[in-house]
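> Okay, structure incoming, though there's no sequence with it:
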């Protein structure tokens, strides 16, 4: 087969495969938690200076959760500056980032296996499991973490440039990659491996980049190491967590080899419920994956086994040894598949070319279907419910989508379905209360919010809603107490600071009210309600200080 023909086929296949992820999700609206991550984020909107990208949590405006991802935040801010609140531009950026990763993987494959079909790179381009990272805007953290580290690997494999340049590339790629997502630290061995005889100085440069990033993280959180927020298995024993980790690895394998029923979220899946019997066999699976890197390194020390060991290391987050906020999500597969991709290459015979074409086209079709789950918030929730019909989180998300579409009756029904699935689901109670308050049912709404807070006292947003309800009911003292509880849980929640200012104003404590409103505006300079309230209080104070006319 002519070499040019094979390469042309590969490039066309990569482009088609990458675009497949966008076929089902190219809409103007945002899905899942994109609204919270983008539209409601003052850093992304540009209301705060660019420097705030580096000194805030990824979710600071909603309450810090331990995600320090300045690269991801910066990419969203740049998109917002270009496209505004139009989701299509953000999705095209995701496709561009993904295409960049795939192009580099193809180049690495052709470098290590010239003239072969880079099937691994093509599968990364097209596989429907990766729609979680490509079609979902907020899921781009995997893309922005993989791109610089794969680029650095490709550059170092070329062995071009001086040692100083190689060290600079490793340093910068570490900052950008790990600054996109914490899991990317597991790809650093691949960068060091690519440096070969310059591995030691390049490794030291990568370590310096990681140290600088950890120092920046310390400035934000007061601690170096990340903590998992809302980890469902944090209270279980290590063996029990490993058992659930084994199930996650099993679900990862099923998703890869039988991608016909991919749930965007697995939190409600029965096999991941903490009450499910763990099973010792699943713990052994997780332990085997943990032992794989060492076993491969001891077996042989050639490049192939070193890369396999790095890929096994990239599966580490799924073992649940360090409990995560999500038991399993398809996006966790992005980094391991990126590492493995250059190893999967075939000699270009007609039969293999035909088989590869059929496989990649099949993945493209499935990807276009899977990508539809990320077209809107409602589409995402329905995709989860198609796999897990009684998932309370998905019913709650669907209710929020209906509320955003001004359909309170449908929203109420969805929240009630969530509570029928799990009467202890605090988020459904909180959202149901918001509907009741909006309908003027103050007493009922306050009672529902109190029910929600009995189940989850750390819900700062629910405390904020309760404060607003007390204010509307003419109880500023109760409102102030609720806002104080909200800020104890989420110190960075600007809406709680604004509400606290309103409560203090109603209690005739204007100086304290101004301080609280100043905090709200520091967190979100685009908060027009806080600005108007501040200006009104300042005007009233100025009028009180003007001496009477004589």
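Received it, and whenever you're ready, just let me know what you need. Keep in mind that what you see is a predicted model, and the values were worked out from it rather than measured.

> which helices and strands does the host helix or strand of residue 312 pack with?
Assessed by DSSP states H and E, residue 312 sits inside helix 303-314. Using 3 or more C-beta pairs under 8 Å, 6 or more residues apart in numbering; DSSP states H and E, the elements in contact with helix 303-314 are helix 188-194, helix 280-299, helix 334-340. The C-beta positions use only the backbone N, C-alpha and C, and glycine is treated the same way.

> redo that, cut-off 10 Å
Secondary-structure packing of helix 303-314 (3 or more C-beta pairs under 10 Å, 6 or more residues apart in numbering; DSSP states H and E): helix 87-112, helix 188-194, helix 280-299, helix 334-340.

> Report the contact partners of residue 166.
152, 155-156, 158-160, 194-195, 198, 201-202, 205 (C-beta atoms under 10 Å, 6 or more residues apart in numbering).

> Least confident of those?
Sorting those by pLDDT puts residue 160 at the bottom of the list (69).

> For residue 194, the count of nearby residues, please.
Using other C-beta atoms under 10 Å, residue 194 has 25 other residues around it.

> Poorly predicted segments of the stretch 1-150 of the chain, please.
Applying pLDDT under 70 to the stretch 1-150 of the chain picks out residues 1-9, 11, 13, 24, 63-64.

> 50 - rerun?
Low-confidence segments of the stretch 1-150 of the chain (pLDDT under 50): 1-4.

> Out of the contacts of residue 166, give me the one that has the most neighbours.
In the contacts of residue 166, the most neighbours by other C-beta under 10 Å go to residue 152, 29 neighbours.

> excluding its backbone neighbours, what's nearest residue 398?
residue 381 (3.8 Å; C-beta to C-beta, 6 or more residues apart in numbering).

> Just give me the neighbour total for the one you found.
27.

> Offset the numbering so it begins at 575, please.
Understood, numbering begins at 575; the last thing we discussed is residue 955.

> State the pLDDT value of it.
At residue 955, pLDDT is 90.

> element containing it, please.
Following DSSP H and E, one finds residue 955 within helix 951-961.

> what about stretch 917-936, distance to the chain center?
Taking C-alpha atoms, centre = their mean, to the nearest Å, one finds the center of stretch 917-936 at 33 Å from the center of the full chain.

> One more: stretch 1059-1069?
Centroid displacement of stretch 1059-1069 relative to its chain, using C-alpha atoms, centre = their mean, is 22 Å.

> swap in stretch 880-895?
The answer for stretch 880-895 is 19 Å, by C-alpha atoms, centre = their mean.

> Also stretch 686-694?
Using C-alpha atoms, centre = their mean, the offset of stretch 686-694 from its chain centre is 32 Å.

> Please enumerate the strands of the stretch 625-774 of the chain.
With DSSP state E, counting those that start in this stretch, there are no strands along the stretch 625-774 of the chain.

> all helices for it, in order.
644-657, 661-686, 693-700, 705-708, 715-732, 737-752, 762-768, 773-795 (DSSP state H, counting those that start in this stretch).

> Sort out which residues of the second one are buried, please.
Buried residues in helix 661-686, counted by 16 or more other C-beta atoms under 10 Å: 661, 663-665, 667-669, 671-684, 686.

> and that helix with helix 877-888, angle?
Helix 661-686 and helix 877-888 are oriented at 150 degrees to each other (axes from the mean of the first three to the mean of the last three C-alpha atoms, to 10 degrees).

> ok so, going back, for the helices and strands packed on helix 877-888, could you give me a markdown table that also reports distance to residue 1105?
Output for the helices and strands packed on helix 877-888, formatted as a markdown table (distance: least, C-beta to C-beta, whole Å):
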| stretch | distance to residue 1105 |
| --- | --- |
| helix 661-686 | 28 |
| helix 762-768 | 45 |
| helix 854-873 | 52 |
| helix 908-914 | 41 |
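
> what about the ones you listed, which gets the closest to residue 1111?
Among the helices and strands packed on helix 877-888, the nearest to residue 1111 by C-beta to C-beta is helix 661-686 (37.5 Å).

> helices or strands next to the closest one in the packing?
Counting contacts by 3+ C-beta pairs under 10 Å, 6+ apart, helix 661-686 packs against helix 577-597, helix 608, helix 644-657, helix 693-700, helix 705-708, helix 715-732, helix 877-888, helix 908-914.

> So which other helices or strands are in contact with the fourth one?
By that I understand helix 693-700. Looks like helix 693-700 contacts helix 577-597, helix 661-686, helix 908-914, helix 924-944 (3+ C-beta pairs under 10 Å, 6+ apart).
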